[in-house]
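Colleague: Quick check, what structure comes out for this input:
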Amino acid sequence: MAMVPATDSRWKHARQEISGTLTRGGRWLRAALFGGPWTALRIAAWAASVVVALLCAAILWLYFLDWNTMRGPVARYASQRLGRPVRIEGDLAVDLFRWSPVVTVSGLKVANPDWAGTRQAADIPHLAFSFRLLPFLFGNTILPFMRFDSPDIVVMRRADGASNWDFGDGNTGWTIPPIQRFLVRDGHIRIDDRVRKLVFTGTVSSQEYATGSGSAFQLTGDGSLNGNKFAAEVHGSPLINVDLNKPYAFKADLRAGATHVAADGAITHPFHLGQFVAMTSISGDNLSNLYYLTGLAMPQTAPYHVAGRLTRDGALYTFQDFSGAVGSSDLHGTLKVDASGATPFISGTAASRVLDFKDLGTLFGGKSQAAIASGRLLPDLPLHVDRLRQMDADVDYDAETIRSRDFPLRGVRTHIALKNSVLVLKPLAFQFAYGRLSGTLSIDARNVVPVTTVDARVTDIKVQQFLGGGDAPAATGMLEARARLEGSGNSVQKVAASANGPVTLVVPSGSFNEKLAELTGIDLLNALFVGGRDNTHLRCAVAHFETRGGVMSTQNLVFDTDPVRIDGKGSIDLRNETLDMIIAGKPKEFRIGRLRTPITVRGPLAHPAIGVQAGPLALQGGIAIALGILFPPAAILPFVDPGLEKDANCAGLLTQAKGQGAPVRAHR
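Modeller: Numbers count the residues shown, from 1 in each chain. Model (predicted):
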């Protein structure tokens with residue numbers, strides 16, 4: 001007979017014992033539950049006695065507990081929650097047996113993440129606070145008292161947005177429960193924010209006592225913001241009598257260089273920093289400098305000052321009913337910023353009753369000293385187009401009236417859309433006294449070098465609006481034009497210097513000063529006898545340029561009047577802002593005294609020089625001299641033009657211009 005291993009015998013015996021125990025337990029439980037009410041009551045009483053005994057033991061353990069033995073477990077729990085080392089190097093004491101238990105901690109240190117160096121994120125030599133026991137047991141934390149002695153707080157943020165107070169899952173550690181009595185003695189805070197280019201060192205104090213004496217909460221300090229001197233001062237009302245159901249008043253004053261922000265308001269619910277309302281005024285020398293305070297890409301502007309009602313509701317900020325001035329232009333409206341997404345989103349409306357045209361120039365950047373010295377027209381200072389990657393926007397802007405000495409503008413309207421690093425102004429419409437300029441402007445900043453595209457249309461613009469002469473302008477007629485250009489760079493000058501695309505201008509019909517028409521052909525004799533106020537019929541005018549690499553080259557340049565057809569050719573170089581044009585007038589009628597040489601227009605765009613080509617003029621003069629030697633009356637022959645030039649094919653030219661994109665309606 002096979003032998004049964006001893007181990008198997010023991011397992012068999014154990015199973016039998018367990019089975020028997022379970023069977024007896026089941027019988028006992030059935031007897032307790034169904035064996036009569038007195039048995040069930042005895043079980044309940046026994047269980048209650050056990051619970052009470054355990055509770056008494058726990059209370060006695062907590063009462064006689066040396067809380068310093070719990071420093072390690074408490075620190076390890078905090079380290080696990082925060083994801084970095086937390087140490088308690090001093091005493092830990094808890095006075096638990098009261099309605100508002102008191103906790104005292106000495107030598108509390110919270111380490112920085114590895115990338116932030118060896119300095120502590122928080123070094124608090126002494127911390128004491130109390131909490132209300134009953135609300136705490138039901139999940140509601142209220143702190144009647146909190147005191148910090150000589151706390152040293154360090155806040156750091158890298159250029160990629162990582163913060164030393166970011167503990168994961170969006171928790172930055174700044175959630176504050178209600179505090180009814182808040183004391184801070186000799187507190188220090190240091191901020192090093194590489195995103196905002198902010199370095200700040202401040203002191204924090206709140207000396208409030210039960211008698212109500214002492215100063216209220218205040219934070220003051222200074223440092224630098226984007227290289228400019230920065231100073232901050234925040235004052236809060238006393239907390240000793242704070243009501244959690246009433247707003248908590250505060251005042252703040254921030255200065256960064258020429259930028260000044262002043263706020264006077266209240267936190268809607270004390271210690272809920274995600275909600276506040278404040279009357280806020282903002283002023284400075286350039287709205288774009290607000291980027292380092294707000295993270296919002298604002299345009300280049302003249303000095304400004306605006307004031308309005310600033311509210312915060314969680315991640316939604318609203319600057320409501322603001323009004324003020326930018327340069328010589330007034331500005332009002334309402335803007336909202338939603339900061340809940342990966343990038344802030346700004347929306348709303350802004351408007352001006354009167355917009356000074358010179359204030360628009362600052363939107364496109366300024367000019368360097370070299371550009372100013374050389375007299376160049378195009379701004380060459382870099383624009384902060386890289387900031388377009390930091391936000392999205394959807395804003396409408398309207399100006400009722402435009403004040404301008406050079407252009408007869410009536411108003412402007414545009415819709416600003418910024419999404420995924422692409423800025424689009426569509427429509428961008430300027431209203432003139434007669435006619436309008438409208439189109440689309442887009443800046444694609446998705447790549448390192450931004451690309452700018454312009455598609456502009458001019459419709460029903462009266463040419464005489466831009467010409468002097470009072471009742472007798474040099475020319476009249478309706479100007480229609482289209483420009484489609486694309487260039488790359490971070491300044492207006494760089495975009496223009498790399499521009500490509502067509503530019504077409506058309507005047508289907510009108511009038512032209514006859515003396516000027518004669519002078520384009522250098523018909524001296526006729527020009528002398530033509531009255532200065534006489535106009536001739538302008539059959540059509542067409543100018544078409546093709547732009548390549550910043551150079552606009554003429555493909556067609558024709559002004560056709562009844563007595564003279566004017567043709568031109570040449571180029572406009574946007575790279576160095578110069579032009580080189582040749583204009584020749586060809587008479588359609590017999591002329592005496594005509595110099596057969598074209599007119600030149602050359603030099604800087606800001607100050608071109610008008611002249612004549614010397615070669616043809618010298619040749620004409622030489623022929624006249626030779627003929628005069630042979631037969632003196634024949635010396636006039638080189639200055640006689642039979643006037644055989646034909647009319648330009650205006651219908652064909654206008655049809656061609658329409659095909660090139662000019663908004664030509666009909667041959668008038």
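Colleague: avg pLDDT for stretch 412-419?
Modeller: For stretch 412-419, the mean per-residue pLDDT is 96.
Colleague: For that stretch, list every residue counted as buried.
Modeller: 412-414, 416-418 (16 or more other CB atoms under 10 Å). C-beta here means a position set from N, CA and C on the backbone, and glycine is covered the same way.
Colleague: Now, these that are in strands?
Modeller: Among the buried residues of stretch 412-419, the members found in strands (DSSP state E) are 412-414, 416-418.
Colleague: While we're on the nearest residue to residue 100 once chain neighbours are set aside, how confident is the model there?
Modeller: Closest residue to residue 100 apart from its sequence neighbours, by CB to CB, 6 or more residues apart in numbering: residue 130 at 4.6 Å. For residue 130, the model assigns a pLDDT of 93.
Colleague: How about residue 243?
Modeller: pLDDT, residue 243: 69.
Colleague: same deal with residue 364?
Modeller: pLDDT, residue 364: 80.
Colleague: Dig out what the residue nearest to residue 100 forms beta bridges with.
Modeller: Residue 130 has these beta-bridge partners by DSSP bridges: residue 102, residue 145.
Colleague: if I look at it, how far off is residue 91?
Modeller: Separation of residue 130 from residue 91 (CB to CB, to the nearest Å): 17 Å.
Colleague: Looking only at neighbour counts, state which of those two leads.
Modeller: Legend: neighbour count by other CB atoms under 10 Å for residue 130 and residue 91, higher for residue 130 (21 against 13).
Colleague: Export the ones in strands among the buried residues of stretch 412-419 as CSV, with columns for distance to residue 206.
Modeller: Supplementary listing: these in CSV, determined by distance: CB to CB, whole Å:
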residue, distance to residue 206
412, 50
413, 51
414, 48
416, 43
417, 46
418, 41
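Colleague: Of the residues you listed, just say which sits nearest to residue 223.
Modeller: Of all these, residue 223 sits closest to residue 418, with 30.6 Å by CB to CB.
Colleague: Residue 148: neighbouring residues, count only.
Modeller: Residue neighbour count, defined by other CB under 10 Å, stands at 23 for residue 148.
Colleague: I figured it hits residue 122, correct?
Modeller: No: the criterion here is CB atoms under 8 Å, and residue 148 misses it with residue 122 at 10.0 Å.
Colleague: residues contacting the spatially closest residue to residue 586 that is not a sequence neighbour?
Modeller: For residue 586, ignoring the flanking residues on the chain, the nearest one in space by CB to CB, 6+ apart is residue 645 at 4.0 Å. The contact partners of residue 645, taken as CB atoms under 8 Å, 6 or more residues apart in numbering, are 564-565, 586-588.
Colleague: Following the chain past the helix or strand of the chain with the lowest mean pLDDT, name the next helix or strand.
Modeller: Among the helical and strand segments of the chain, the one scoring lowest on mean pLDDT, DSSP states H and E is helix 524-529, with a mean of 48. Along the chain past helix 524-529, the next helix or strand (assigned with DSSP states H and E) turns out to be strand 535-548.
Colleague: avg pLDDT for the helix or strand just after that next one?
Modeller: Once the chain leaves strand 535-548, the next helix or strand it forms, by DSSP H and E, is strand 551-561. Mean pLDDT, computed over strand 551-561, is 93.
Colleague: got the buried residues for strand 551-561?
Modeller: Buried positions in strand 551-561, judged by neighbour count with 16+ other CB under 10 Å: 551-552, 554-561.
Colleague: Same question for the helix or strand hosting residue 76: list its buried residues.
Modeller: Element membership for residue 76 (DSSP H and E) is helix 71-82. Buried residues in helix 71-82, counted by 16+ other CB under 10 Å: 71, 74-75, 78, 82.
Colleague: Around residue 323, how many other residues sit close by?
Modeller: Residue 323: 12 surrounding residues under other CB under 10 Å.
Colleague: what's across from it in the sheet?
Modeller: Here residue 323 sits in beta bridges with residue 307, residue 332, as judged by DSSP bridges.
Colleague: ok so, going back, ok, which pair from the buried residues of stretch 412-419 is furthest apart?
Modeller: Largest separation among the buried residues of stretch 412-419 by CB to CB: 412 and 418, giving 18.6 Å.
Colleague: got the contact list for the closest residue to residue 514 other than its chain neighbours?
Modeller: Once flanking residues are discounted, residue 514 sits nearest to residue 536: 4.2 Å by CB to CB, 6+ apart. With contacts defined as CB under 8 Å, 6+ apart, residue 536 is in contact with 511-514, 517, 561-563.
Colleague: Kindly present those as CSV, with separate columns for secondary structure and distance to residue 231.
Modeller: Shown next, in CSV, are the contacts of residue 536 (DSSP: H, G, I helix; E, B strand; the rest coil; distance: CB to CB, whole Å):
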residue, secondary structure, distance to residue 231
511, strand, 64
512, strand, 63
513, strand, 63
514, helix, 68
517, helix, 66
561, strand, 67
562, coil, 72
563, coil, 72
